[in-house]
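Peer 1: this one's sequence-less:
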């Protein structure tokens, strides 16, 4: 009897999957690493891996639409004469004019203002439009100091010293020449058309002791009026939070690796920094150890998409959150309406991340005047306001179900985890057990 | 120093003794001057290395600081004339917009960092990273400067009568550098350039503004950006 070898289907490597093979070929063909915008695209433990328990016999809920559930937050009362008071704990993260069009910045300001929250400048300075359209504007103090000046410092409502961001802790940035319009070039004191490097560390201080003096200088310049935030990427959240508090910060902004960037290397975005979920509890622990929880506020960002995410971040101990990517989506980024044009760019709606190239069909991550015109800042601002209000309502819904009359009353005890990883990171029990990895007990 | 003699000749000065007066009072007073006001002369005694002395000035005041200061003296100065009769710590005149800052002694790291305008004169030496990320400021150092000075300098002028340390002008953009003495090494993309008549004229004006006499512009060499790193090219990666 003859033996016929049965057919076995071709097997692709899990290690060398199609995307990896394509990346190797792309690198070999071009000689340059991949640069893109947005945050990590890999799957990491996230808020989706947590669930709220809700009320039961031992806890009673609050009536939806009837019993009050406060969402307001005060930021910066530790030292500032004029703390920030917001109606919702969902703020808009720093994004620059330069990376974004003027219309996009205006839309963010309009939407945030309608919803009663703050928006934030970015690397490139403050424009009159965003100041005018933002009731509460946080002015970023970045290593590049592009556009930094004392007049804008004084007309800001708060100052955010940026040490790092979640997409690239330890990295600077680069605004490529094709996005440098005359106005952007003028704001940054550089010739038009050349790549503008944003430094990875501040030019006039290094380390926490210097930071303390830098914060004191900024307070003196602004007569101790403005809250001073310190923003860090998700690297060493316990120590970074403790050192920021020691240096005198009023607010700590902690950005996990899902947080977006206008442009950096894909290898950086995907391989440096920690998931947002892994950052919150160590930061809260640092605040608690110092007796500063709720005195120095903690703003969490990186992958916040819904009111559930907001509620979970707050339950883990944050005072507020910031959204960047989600806000851009709300105003029209990656909208299927532009699918035909995304296809021409070799991508598809939902995957477009070449924000550094300035060709955004939605008119958001561009300085092209024709593309920018596509975004109506009034209508886009309204969409953002709607989205912020929906998220706030969603968070309230969950908080009421947990019996809380303020979002800040949510607590880790309200949560369980679906996975071991999320349980360990969030330090809440695995669902159906009383077990938290690393905390003992079964 | 005999402060009393000096004070006698400057009767109109408002004197702040930082041994007995909080820094906040000094900076607050500097920030509450109405445009066109007459009481614009300030004297600071016993600074004793205080940080953030005379920061955020936004009117054409004069400030005489009798002694040495810590970090960020005259930070973000916009129109003031500040003289430190001593030495200055890190970041003196950082992000200056306009006006004049004179340091009679030495300056520590990052002098004039990110400055956008005005004139910073350092009569002694300046440490490393002098003029880092400068964006329009003019800096004149009568002594030597340390390593990595004018790093990523975008615009403005750095004039050094003495020597420069390692990696001068690393990753330079459009700032112009003039050094009279030796340069230990040049940073990435920084090259020596021809000193043309327009540069000699510019340098003469800078020296005059800084009150320096007896030095000829012809004694200096000019350094600037080779502009080869202005747009990213993978074949330049070895330069970093």
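Peer 2: Perfect, thanks for sending it. Quick caveat, the model's predicted, so the values are computed rather than measured.

Peer 1: element containing the most centrally placed residue in chain B, please.
Peer 2: Closest to where the C-alpha atoms of chain B average out (Cα atoms, centre = their mean) is residue B:120, at 3.1 Å. Residue B:120 belongs to strand B:119-122 when assigned by DSSP states H and E.

Peer 1: ok, residues contacting that strand?
Peer 2: Residues outside strand B:119-122 that contact it (Cβ atoms under 8 Å, 6 or more residues apart in numbering or on different chains): B:88, B:92-93, B:96, B:99-103, B:106-107, B:111-112, B:130, B:137-143, B:209-211. Using the backbone N, CA and C atoms, a C-beta is placed for each residue, glycine as well.

Peer 1: in its sheet, what does that strand sit against?
Peer 2: According to DSSP bridges, strand B:119-122 forms sheet pairs with strand B:98-103 (parallel), strand B:135-141 (parallel).

Peer 1: any residues touching the first one, and which ones?
Peer 2: Translated: strand B:98-103. Here strand B:98-103 has contacts from B:57, B:60, B:73-74, B:77-84, B:87-88, B:92-93, B:111, B:117-124, using Cβ under 8 Å, 6+ apart.

Peer 1: before we move on, what about the longest one?
Peer 2: Around strand B:135-141, the neighbours that count as contacts under Cβ under 8 Å, 6+ apart are A:145, A:189, B:93, B:96, B:107, B:111-112, B:114-122, B:125-126, B:130-131, B:154-162, B:206-207, B:209-210, B:212.

Peer 1: check which element follows the lowest-mean-pLDDT helix or strand in chain B along the chain.
Peer 2: Lowest on mean pLDDT, DSSP states H and E among the helices and strands of chain B sits helix B:3-9, with a mean of 44. With elements assigned by DSSP H and E, the helix or strand that comes after helix B:3-9 is strand B:14-17.

Peer 1: picking that back up, in helices, which of the contacts of strand B:98-103 fall?
Peer 2: Using DSSP state H, no member of the contacts of strand B:98-103 falls in helices.

Peer 1: number of residues surrounding the residue in chain A positioned nearest to chain B?
Peer 2: The nearest approach of chain A to chain B comes at residue A:221, 3.4 Å away (Cβ to the nearest Cβ). The tally of other residues near residue A:221 (other Cβ atoms under 10 Å in any protein chain shown) stands at 24.

Peer 1: thought residue B:56 was touching it, still the case?
Peer 2: Yes - with contact defined as Cβ atoms under 8 Å, residue A:221 counts as touching residue B:56 (3.4 Å).

Peer 1: what is in contact with those two at once?
Peer 2: A:150, B:27, B:75-76.

Peer 1: what residues does the stretch 1-150 of chain A have near chain B?
Peer 2: For the stretch 1-150 of chain A, the contact set with chain B under Cβ under 8 Å from any Cβ of the partner chain comprises A:31-32, A:144-145, A:148-150.

Peer 1: which one in the residues you listed is the model shakiest on?
Peer 2: Looking at the residues of the stretch 1-150 of chain A next to chain B by pLDDT, the weakest one is residue A:32, with 82.

Peer 1: which helix in chain B runs the most residues?
Peer 2: Per DSSP H, chain B has its longest helix at helix B:197-209.

Peer 1: in that one, what counts as buried?
Peer 2: Buried positions in helix B:197-209, judged by neighbour count with 16 or more other Cβ atoms under 10 Å in any protein chain shown: B:199-200, B:202-203, B:206-207.

Peer 1: out of the residues you listed, who's nearest residue A:170?
Peer 2: Of all the buried residues of helix B:197-209, residue A:170 sits closest to residue B:206, with 37.7 Å by Cβ to Cβ.

Peer 1: need the contact list for the closest residue to the closest one other than its chain neighbours.
Peer 2: Spatial nearest neighbour of residue B:206, excluding adjacent residues (Cβ to Cβ, 6 or more residues apart in numbering or on different chains): residue B:159 at 5.3 Å. By Cβ under 8 Å, 6+ apart, residue B:159 lies in contact with B:138-141, B:178, B:203, B:206-207, B:210, B:220.

Peer 1: thinking again about what came up before, and the pLDDT for the residue of chain A closest to chain B?
Peer 2: 98.

Peer 1: OK, contacts around it?
Peer 2: Here residue A:221 is in contact with A:150, A:153-154, B:27, B:52, B:55-56, B:75-76 (Cβ under 8 Å, 6+ apart).
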